[in-house]
Structures are given as C-alpha cells and as structure tokens.
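A.B. asks: Sequence first, predicted model second:
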Amino acid sequence: MTMARDDSFKEFILDQLQGLGEIDCRAMFGGYGLYHRGVFLAILFKDRLYFKTSPGSRKPYVEKGMRSFKPNSKQTLRSYYEVPVEVIESRDELAEWARKALAARAQ
C-alpha cells in the first residue's frame with residue numbers, strides 16, 4: 001500500500017500566489033518547481049518554499065535567519081532561500097517577495 005502525497009501545502013502556496021497570474025507547478029526531485037510564465041521561480045520541498053535570490057535580494061532572507069535550499073547532505077543551492085512563514089501567510093507580502101524572486105532571475 002502506498003501513501004498518497006499530501007499536497008495541501010502546495011495548494012496553499014498556489015492559492016497565496018494567485019495575484020501573480022498563472023503559476024505552473026511541476027514535480028521535481030521529490031518536491032515541485034514553480035514557474036511563472038515559463039520562468040523558474042521557486043522550489044517547494046518538504047513543506048517549505050524557496051525563492052530564487054540574487055546577491056542583491058538575499059539580505060531579507062538572511063536577516064530573518066532563513067537558509068539556502070539543501071535537498072540532501074551533499075548538495076546546496078545557494079541561490080534559493082527559504083521564505084519565512086510570516087511572509088507565506090501574507091498574500092500581498094508573498095506576492096512582493098515572488099516579484100523580487102522573478103527579478104533575481106534576470107540578474
């Protein structure tokens with residue numbers, strides 16, 4: 001018997017990001033990749049959300065004690081940082097952070 005994956009966090013994040021327009025969600029490495037208009041924006045992994053950052057946009061994440069994405073003990077993606085819970089819970093603030101993550105893609 002296999003256990004069904006609990007997608008409630010994924011559904012919550014997609015709902016919170018409605019204001020950005022269409023977000024595509026694709027399964028990847030045991031989690032999900034989020035895309036906005038074909039641009040890779042974020043990683044959902046183990047009920048955590050990680051946004052793309054650049055050296056110029058990373059400071060708010062670090063100031064809140066957030067860490068970079070580490071899918072396993074041998075790999076760390078230093079350009080993706082965990083989004084704080086209080087940001088996730090605020091639809092407007094989450095959309096603002098998502099826009100900054102999209103801008104980080106261009107840097």
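C.D. replies: Good, I have the coordinates. Just so it is clear, the structure is predicted and the values come from calculations on it, not from any experiment. Residues are numbered from 1 along each chain as shown.
A.B. asks: going forward, measure contacts between C-alpha atoms and count neighbours the same way
C.D. replies: Fine.
A.B. asks: Low-confidence bits of this structure, can you list those?
C.D. replies: 1-5, 106-107 (pLDDT under 70).
A.B. asks: can you give me the helices in it?
C.D. replies: Using DSSP state H, the helices of the chain run over residues 8-16, 59-63, 85-88, 91-105.
A.B. asks: Make JSON lines from those and add mean neighbour count and distance to K46 to it.
C.D. replies: Shown next, in JSON lines, are the helices of the chain (neighbours: other Cα atoms under 10 Å; distance: least, Cα to Cα, whole Å):
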{"stretch": "helix 8-16", "mean neighbour count": "15", "distance to K46": "9"}
{"stretch": "helix 59-63", "mean neighbour count": "13", "distance to K46": "18"}
{"stretch": "helix 85-88", "mean neighbour count": "14", "distance to K46": "14"}
{"stretch": "helix 91-105", "mean neighbour count": "18", "distance to K46": "19"}
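A.B. asks: any chance of these in CSV, with distance to F29 too?
C.D. replies: As requested, the helices of the chain are arranged in CSV below (distance: least, Cα to Cα, whole Å):
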stretch, distance to F29
helix 8-16, 15
helix 59-63, 23
helix 85-88, 22
helix 91-105, 21
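A.B. asks: Figure out which of those is closest to R78.
C.D. replies: Closest approach to R78 among those (Cα to Cα): helix 59-63, 11.6 Å.
A.B. asks: who's in contact with the closest one?
C.D. replies: With contacts defined as Cα atoms under 8 Å, 6 or more residues apart in numbering, helix 59-63 is touched by R67, Y81, E82, V83, P84.
A.B. asks: on that earlier part again, among the helices of the chain, which comes closest to L44?
C.D. replies: helix 8-16 (7.2 Å).
A.B. asks: now for the closest one, which elements pack on it?
C.D. replies: Contacts defined by 3 or more Cα pairs under 8 Å, 6 or more residues apart in numbering; DSSP states H and E place helix 8-16 against helix 91-105.
A.B. asks: again, only using 6 Å
C.D. replies: Contacts defined by 3 or more Cα pairs under 6 Å, 6 or more residues apart in numbering; DSSP states H and E place helix 8-16 against no helix or strand at all.
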